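Visitor: Pasting the sequence and the predicted model now:
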Amino acid sequence: MGGAAGGRLAAAVSAAGGLGMIGMGSSATADQLTAELAQLDGRIFGIGLVHWVVQDRPDLFEVALAARPALLSVSFGEDWEWVRRAHEAGLTVTTQVATVDAARRAVDAGVDVVVARGAEGGGHGEPTIGTLPLLADVLDAIDVPVLAAGGVSSARAVAGVLAAGAGAAWVGTAFAACSEALTPSPARDALIAADGDATELTTEHDVAAGYRWPPSIPERVLRGSPVNAGQGVGAVRREESAAELVRSLAEGAERLLRRWH
């Protein structure tokens, strides 16, 4: 969610009852994070970082620690020293995983919450296995809370992962189209117009920009564009506020779960 999930969006999501995350992507800097933190308006928040980016820019990690987020996410790395430092700062930490083995390694390293991120997810991630089978396997393998990510853009999808046992849904693409997101207008319009089969995996944009993403971690984008989008993009049909989206996801999921049970 780098370039989409800034402080204004995070504040709006948290004000509506979710946990809004400030997403710092491939080009993130400490100054950029500082600027987004200033937009929070006193709301609870989380911060999401890319492991190799904080290795290259240690001051970015220092700013994140000093901000004392409710949740710190660092993903796509194998060095777990950051977990110790975050715990020493009193933070709760999470990371995204694409396999059961990765989930076990994260728990062994002391991660408090695991995000099971399926291949349907937008942006960067290992396209290893779909969200539901990954979620089921990870839930059976570890004993910390597990969040579900990847293709979760509708109330029905939120209800589905909660019914399967996820502690919460980790939603990206749907919020990228919200009015508070940093998403440029042309990209927002493209998300709203796209169907679920309109995405592709690519490393083209990372190579062109010189980013240090390994070939095993491509990004899912709208076909023929650099617009990050997961396969749940077909559920995104209009620009709305974060409060409207949180409400529709939560209330819609609750209605479905009550009907099923």
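Guide: Perfect, I can see it now. These numbers come from a predicted model, not from an experiment.
Visitor: Quick check: buried residues in stretch 187-204?
Guide: By neighbour count on 16 or more other C-beta atoms under 10 Å, the buried set for stretch 187-204 is A187, R188, A190, L191, A194, G196, A198, T199, T202, T203. The way it works is simple: take the backbone N, C-alpha and C, and place the C-beta from them, glycine included.
Visitor: Quick check: which of these has the minimum pLDDT.
Guide: In terms of pLDDT, G196 ranks lowest among the buried residues of stretch 187-204, with 94.
Visitor: That residue - that's part of a strand, no?
Guide: No. The assignment for G196 by DSSP: H, G, I helix; E, B strand; the rest coil gives coil, which leaves it out of any strand.
Visitor: Format the buried residues of stretch 187-204 as TSV; extra columns: distance to Q32.
Guide: Formatted as TSV, the buried residues of stretch 187-204 follow (distance: C-beta to C-beta, whole Å):
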residue	distance to Q32
A187	18
R188	20
A190	23
L191	22
A194	27
G196	31
A198	29
T199	26
T202	24
T203	24
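Visitor: got the end-to-end distance for stretch 228-247?
Guide: Using C-alpha to C-alpha, to the nearest Å, the end-to-end distance of stretch 228-247 comes to 24 Å.
Visitor: buried stuff in it?
Guide: Buried, per 16+ other C-beta under 10 Å, within stretch 228-247: 228-236, 239-240, 242-243, 245-246.
Visitor: Likewise for stretch 163-175?
Guide: Buried residues in stretch 163-175 (16+ other C-beta under 10 Å): A166, A168, A169, W170, V171, G172, T173, A174, F175.
Visitor: What of stretch 122-137?
Guide: G122, G123, H124, G125, E126, P127, I129, T131, L132, L134, L135, A136.
Visitor: And the buried residues of stretch 163-175, which is closest to G151?
Guide: G151 has its nearest neighbour among these in T173, at 8.4 Å by C-beta to C-beta.
Visitor: so the closest one touches L222, yeah?
Guide: No. Using C-beta atoms under 8 Å, T173 is not in contact with L222; the gap is 10.0 Å.
Visitor: Overlap of the contact sets of those two?
Guide: Residues touching both T173 and L222 (C-beta atoms under 8 Å, 6 or more residues apart in numbering): L191, A229, V233.
Visitor: of the buried residues of stretch 228-247, closest to D108?
Guide: Using C-beta to C-beta, G230 comes nearest to D108 of the buried residues of stretch 228-247, at 28.4 Å.
Visitor: what's near enough to touch the nearest residue to that closest one once chain neighbours are set aside?
Guide: Spatial nearest neighbour of G230, chain neighbours left out: G122 (3.4 Å); criterion: C-beta to C-beta, 6 or more residues apart in numbering. Listed by C-beta under 8 Å, 6+ apart, the contact set of G122 reads G172, T173, A176, T199, E219, R220, V221, N228, A229, G230, Q231, V233.
Visitor: Reformat the residues you listed as JSON lines; add distance to A116.
Guide: Listed next are those as JSON lines, based on distance: C-beta to C-beta, whole Å:
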{"residue": "G172", "distance to A116": "14"}
{"residue": "T173", "distance to A116": "17"}
{"residue": "A176", "distance to A116": "20"}
{"residue": "T199", "distance to A116": "19"}
{"residue": "E219", "distance to A116": "19"}
{"residue": "R220", "distance to A116": "16"}
{"residue": "V221", "distance to A116": "22"}
{"residue": "N228", "distance to A116": "19"}
{"residue": "A229", "distance to A116": "19"}
{"residue": "G230", "distance to A116": "14"}
{"residue": "Q231", "distance to A116": "15"}
{"residue": "V233", "distance to A116": "20"}
